[in-house]
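> Structure of the sequence below:
(2 chains)
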Amino acid sequence: MSRSDVLVDADWVEAHLGDPGIVLVEVDEDTSAYDKGHIRGAVKIDWKKDLQDPVRRDFIDRAGFEKLLSERGISNDDTVVLYGGNNNWFAAYAYWYFKLYGHHNVKLLDGGRKKWELDSRELVTEVPARPATDYHAQDQDATIRAFRDEVVAAIGSRNLIDVRSPDEFAGRLLAPAHLPQEQAQRGGHVPTARNVPWSKAAEEDGTFKSDDALRALYSEAGVDFGTDTIAYCRIGERSAHTWFVFHEILGHPNVKNYDGSWTEYGSLVGVPIEVGDPT
Amino acid sequence: MTDSVQAAAGGCGAPTDAPLVTSAGNQAVVQGTVTRSGSPVSTGYARLLNTSGDFVAEVPLGAGGEFQFFAAPGEWTLTVLAPGGVRAERGVTAAIGEINRVEVAV
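This is a model prediction of the structure:
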């Protein structure tokens, strides 16, 4: 994988609007953004309602993903171009999720919704009618998803990258005040984790920094590119953004996203936690 | 909450459409509006950076050009991005119990 395989820019999207075989998908937590205006032809996926199991804390299963994509009119052979707000956090999460279930042709719109808006490009409210498909997903790809025991085992031996803000890393802050249901019991970080906030990988307009700048960013933070890596944040979407940088843009093979992230780790009984700023 | 920013975009949450608060309570509120020739700029983004220049939070502008952050007390840099290459930067001091207004004309 390299940048040109996984990222498209806004000009490319404009040039391919309406092309058969290309499906634009807007992914947000706040889906009212889509309702106010979206790129012509884009369908929407709700990060929570569509992608999370309504009962257990886990993803919808393979059959559920097949049903979702079939309803959205997405075929196995389609090139899916994802974009969204929040600097593509949830679009990057969806990218990782599509890869988890084995969709081959997925790309991110570099800069997401923000760059598109700042460019004054067209947004429409018309919702496209796409005929249903018969989508077939693969079993989850365990090589890109980390679970809690693997994170504990990685302490001191693999790269752990905490991509939350410095205050969350230090344990001074658990979560934004309006999301109490996603708070962990304890603040802090996984011992030996490096703190490289996701935002350092992005330019002001939401686009990703250059390959050289990205490599320098993580090298300077002490990340050993020769070692396997696990990224985490609070609920796994900001770390999907960083997973995308490592695995898709820079092409490092052994990188996992720990989607349980701090809301799980910080609530586990008996695991080690460190607090305080990076030393 | 004694540190950092608890604005919606400061963590994993999406921006909310909550109206601007009219009373700060025990928060250090940074809020304001972005205008162009006296009219609100409703498409654009407000970003809050700490004194090191590091990103802390970002919210899309509201229909009336408004933005709001719940910050920690201290010095912040507010950056506004809007279509047409518009970029404005303002310093702002946030204090607990106060609504710290920043009016940005671009």
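> mind checking the SS state of residue B:79?
Following DSSP: H, G, I helix; E, B strand; the rest coil, residue B:79 is assigned to strand.
> swap in residue A:71?
Classified using three-state DSSP, residue A:71 is helix.
> Next up, the contacts around the most centrally placed residue in chain A.
The centre of chain A sits closest to residue A:93, judged by C-alpha atoms, centre = their mean, with a distance of 2.3 Å. Going by C-beta atoms under 8 Å, 6 or more residues apart in numbering or on different chains, residue A:93 touches A:27, A:47, A:236, A:237, A:240, A:241. For glycine as for every other residue, the C-beta is placed from the backbone atoms N, C-alpha and C.
> and whichever strand or helix holds it, how far out from the chain's middle?
Element membership for residue A:93 (DSSP states H and E) is helix A:85-100. Relative to its chain's centre, helix A:85-100 lies at 3 Å (C-alpha atoms, centre = their mean, to the nearest Å).
> Show the subsequent helix or strand relative to that helix.
Per DSSP H and E, the first helix or strand lying C-terminal to helix A:85-100 is strand A:106-109.
> what does that following strand rub up against?
With C-beta under 8 Å, 6+ apart, strand A:106-109 has contacts from A:5-10, A:13, A:24, A:79-83, A:88, A:91-92, A:95, A:98-99, A:115-116, A:244.
> partners of that strand in the sheet?
strand A:7-8 (parallel), strand A:79-83 (parallel) (DSSP bridges).
> where along the chain do the strands fall?
Looking at chain A here, since you left the chain open. A:7-8, A:22-28, A:43-46, A:79-83, A:106-109, A:159-162, A:194-195, A:229-232, A:255-257 (DSSP state E).
> Can you look at chain B instead?
Using DSSP E, strands in chain B cover B:28-36, B:39-40, B:45-49, B:55-60, B:66-71, B:74-82, B:86-94, B:98-105.
> Give me the contacts around the second one.
The set of residues that contact strand B:39-40 without belonging to it, under C-beta under 8 Å, 6+ apart, is B:33, B:34, B:61, B:63, B:64, B:65, B:66.
> count of residues packed around the nearest residue to residue A:249 once chain neighbours are set aside?
In space, and not counting its chain neighbours, residue A:249 is closest to residue A:3: 5.1 Å by C-beta to C-beta, 6 or more residues apart in numbering or on different chains. Applying other C-beta atoms under 10 Å in any protein chain shown, we find 16 residues neighbouring residue A:3.
> which ones are touching residue A:185?
Neighbours of residue A:185 in contact, by C-beta under 8 Å, 6+ apart: A:266, A:267.
> no wait, residue A:237
Residue A:237 touches A:47, A:89, A:90, A:92, A:93, B:12, counting by C-beta under 8 Å, 6+ apart.
> near chain B, which residues of chain A show up?
Taking C-beta under 8 Å from any C-beta of the partner chain as the criterion, the neighbours of chain B within chain A are A:28-30, A:32-33, A:85-87, A:89-90, A:114, A:117-120, A:164-168, A:172-173, A:175-179, A:182, A:197, A:199-200, A:204-205, A:233-235, A:237-238.
> Filter the residues you listed down to the ones in helices?
Counting by DSSP state H, those place A:32-33, A:85-87, A:89-90, A:114, A:117-118, A:166-168, A:238 in helices.
> before we move on, back to that, just the buried members of the contacts of residue A:93?
Buried members of the contacts of residue A:93, counted by 16 or more other C-beta atoms under 10 Å in any protein chain shown: A:27, A:47, A:236, A:237, A:240, A:241.
> any idea how far the fifth one is from chain B?
With distances taken as C-beta to the nearest C-beta, to the nearest Å, residue A:240 is found 11 Å from chain B.
> so that residue touches residue A:95, yeah?
Yes - here residue A:240 reaches residue A:95: they are 7.1 Å apart, a contact under C-beta atoms under 8 Å.
> thinking again about what came up before, which one of the buried ones among the contacts of residue A:93 is nearest chain B?
The closest of these to chain B turns out to be residue A:237 (C-beta to the nearest C-beta; 6.0 Å).
> What does the closest one show for phi and psi?
phi -90, psi -40 (degrees, to the nearest 10).
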